[in-house]
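Visitor: turn this into a model:
(chains A and B)
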Amino acid sequence: MEKTYYDPSDLKKFGKISEWNEELGSKFFEYYGKVFEEGSLKAREKSLIALAVAHTVQCPYCIDAYTGDGLKRGITKEEMMEALHVAAAIRGGASLVHGVQMMNKYDKLSM
Amino acid sequence: MLAKSLQAKKSELSKTEKQLEILSNGFFKDGSLPTFANKLKGIDQFPLRPNKIEILQINVGYMCNQVCAHCHVDAGPDRKEIMTVETMEHILDVLKTTSVNTLDLTGGAPEMNPNLRWFVEEASKLGVKDFIVRSNLTIILANKKYHDLPEFFAKHNIHVISSLPFYKREKTDKQRGDGVFDKSIKALQMLNDVGYGKEGSPLKLDLVYNPSGAFLPTDQMALEKDFKKALKEDFDIDFNNLFAITNIPISRFLDYLIASDNYEDYMNALVEAFNPKAVGNVMCTNTISVSWDGYLYDCDFNQMLGLKVASKEQHISEYNEASLSDRDIVISQHCYGCTAGSGSSCQGTVA
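Guide: Next up, the predicted model:
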């Protein structure tokens, strides 16, 4: 076993997950491929969404993959950082909006 | 920006043997990645063989006014290799007597060869179907004596193919040097002014995009759309086609890959993106590359690696169409660069 939880070279082995469950693995990758095809959203826009979500779920494989994908597509670093701030704003907002719950509870318990 | 070529810096990597050694060792030697030859064997394409030879790509010299970080030629102001009139005369003889119908002049900055204009005039008289000059654009503004190049190119119906790594200043300057973007834009406007790249004009102006880093180019059509929109909106520039070219892991780009610890990942990405459909149309199947001193190679990359054609006659003075058409193409692991994804050639994607 490795001494670290993450190894960058594991990303290339992602496809191997199908070896232990061929049916579900293949279905997942087929779905994954379909999701990123050009649709109502451009492939470029999907790449930026993926990059933002990658940071939200804090997946180092996904961050590597979608930073590289963005560079290939000519996405600028300014666009990438703006996408991240969208993710950060939603994450921060998600914490803060619960403040209303806190305030409601506080008021309910207080005389 | 690099001030000097690898050769002037006496870098180990300026030696072709060193580059070939790196490309054959490590994960290719221990079998963790397949060699290009084995990959071709797997699709029954080994040895790689040419089709009809239609293009002569002529490297008229390694001298250049720029020192780009990714340059596979290791070109720069300190390179003194320049093609002579005598060698050019041999090329004119070949044009008269063979199936070659396209001339593709490259460098260095081809315009810095003092005999370039004479050669263009002479070759034009022979009725070349497609006469390409690969211009780095900034040369047009580098010195007063080059300012009339757009008019000169137009007069001889030269097909201008220009490098512009990106439609934004930062990425272009990082790869090609400070100020390159602004000068390139000005040069493109000068070319547009004499009719290049304009709708309905016979004067063709194509741009070359190559990634500014250790990643592969994406869809050529999508990039062309982005380039056209940005260059039109920001600078009122028109051009015909965009060619997306993969950076080949030799010379300065190889040096960069190794220094930035990207070599292994990059080679993996190239091998993983191997596209059998691209193999049949790689440029070495219809092109012969001629070096400044008249030697013949399968492509400009093999020229920089010192890998001459595997043919009895290896010099333009003894050009033999029959034996060149019957040769095996010399390959190494850098060839993965031309077969990755949609493929890559000096005319862009091939698959």
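Visitor: can you tell if stretch A:12-26 touches chain B?
Guide: Yes. Using C-beta under 8 Å from any C-beta of the partner chain, stretch A:12-26 reaches chain B at A:Lys12. No exception for glycine: its C-beta is placed from N, CA and C like everyone else's.
Visitor: how far away is B:Pro276 from chain A?
Guide: 19 Å (C-beta to the nearest C-beta, to the nearest Å).
Visitor: checking residue 27 next. Helix, strand or coil?
Guide: Looking at chain A here, since you left the chain open. Secondary structure, DSSP: H, G, I helix; E, B strand; the rest coil: A:Lys27 is helix.
Visitor: what's the burial count for it?
Guide: For A:Lys27, the neighbour count with other C-beta atoms under 10 Å in any protein chain shown is 12.
Visitor: what's stretch B:322-330 in contact with?
Guide: Here stretch B:322-330 makes contact (C-beta atoms under 8 Å, 6 or more residues apart in numbering or on different chains) with B:47-50, B:52-53, B:284-285, B:288, B:296, B:298, B:302, B:307-313.
Visitor: try it again at 6 Å.
Guide: With C-beta atoms under 6 Å, 6 or more residues apart in numbering or on different chains as the test, stretch B:322-330 has contacts from B:47-48, B:50, B:284, B:298, B:302, B:307, B:309-312.
Visitor: filter those residues down to the buried ones.
Guide: Buried subset of the contacts of stretch B:322-330 (neighbour count, 16 or more other C-beta atoms under 10 Å in any protein chain shown): B:48, B:50, B:284, B:298, B:302, B:307, B:309, B:311.
Visitor: quick check, nearest of those residues to chain A?
Guide: Chain A has its nearest neighbour among the buried ones among the contacts of stretch B:322-330 in B:Cys284, at 25.1 Å by C-beta to the nearest C-beta.
Visitor: what sits against that closest one?
Guide: With contacts defined as C-beta under 6 Å, 6+ apart, B:Cys284 is in contact with B:298-299, B:329.
Visitor: from A:Ser110, how far out is it?
Guide: Distance of B:Cys284 to A:Ser110, given as C-beta to C-beta, to the nearest Å: 81 Å.
Visitor: burial check on the closest residue to B:Ser5 other than its chain neighbours, number of neighbours?
Guide: In space, B:Ser5 comes closest to B:Gly76 once its chain neighbours are excluded; the distance is 4.2 Å by C-beta to C-beta, 6 or more residues apart in numbering or on different chains. Here the number of neighbours of B:Gly76 (other C-beta under 10 Å) works out to 24.
Visitor: now swap in the one 10 residues further on and tell me
Guide: A count of neighbours around B:Glu86, defined by other C-beta under 10 Å, yields 10.
Visitor: what are the buried residues along the host helix or strand of it?
Guide: B:Glu86 belongs to helix B:85-97 when assigned by DSSP states H and E. Buried residues in helix B:85-97, counted by 16+ other C-beta under 10 Å: B:87-88, B:90-91, B:94-95.
Visitor: just stretch A:57-66 next, same as before
Guide: Residues of stretch A:57-66 classed as buried under the neighbour-count rule (16+ other C-beta under 10 Å) are A:62-63, A:65-66.
Visitor: got CSV for those residues, with distance to A:Ile75 too?
Guide: Shown next, in CSV, are the buried residues of stretch A:57-66 (distance: C-beta to C-beta, whole Å):
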residue, distance to A:Ile75
A:Cys62, 15
A:Ile63, 14
A:Ala65, 13
A:Tyr66, 9
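Visitor: the residues you listed: which ones sit near chain B?
Guide: Residues of the buried residues of stretch A:57-66 in contact with chain B (C-beta under 6 Å from any C-beta of the partner chain): none.
Visitor: any chance of these in JSON lines, with secondary structure and pLDDT too?
Guide: Converted to JSON lines, the buried residues of stretch A:57-66 look like this (DSSP: H, G, I helix; E, B strand; the rest coil; pLDDT from 0 to 100):
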{"residue": "A:Cys62", "secondary structure": "helix", "pLDDT": "97"}
{"residue": "A:Ile63", "secondary structure": "helix", "pLDDT": "97"}
{"residue": "A:Ala65", "secondary structure": "helix", "pLDDT": "95"}
{"residue": "A:Tyr66", "secondary structure": "helix", "pLDDT": "97"}
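Visitor: between those, which sits nearest B:Pro34?
Guide: Set against B:Pro34, the nearest of the buried residues of stretch A:57-66 by C-beta to C-beta is A:Ala65 (23.2 Å).
Visitor: and for the residue lying closest to the closest one once chain neighbours are set aside, the neighbour number?
Guide: Distances taken as C-beta to C-beta, 6+ apart place A:Leu11 nearest to A:Ala65, at 6.5 Å, with adjacent residues excluded. By other C-beta under 10 Å, 14 other residues sit near A:Leu11.
Visitor: distance check, A:Leu11 against A:Ile63.
Guide: Distance of A:Leu11 to A:Ile63, given as C-beta to C-beta: 10 Å.
Visitor: same question for B:Leu105.
Guide: Counting by C-beta to C-beta, the separation of B:Leu105 from A:Ile63 is 43 Å.
Visitor: so where's chain B shaky on pLDDT?
Guide: Along chain B, segments meeting pLDDT under 70 span B:1-2.
Visitor: ok, which residues in it are in contact with chain A?
Guide: B:215, B:218, B:226.
Visitor: measure B:Asn281 to B:Gly343 for me?
Guide: 7 Å.
Visitor: what do those two both touch?
Guide: B:Val350.
Visitor: higher neighbour count, those two?
Guide: B:Gly343 (23 against 17).
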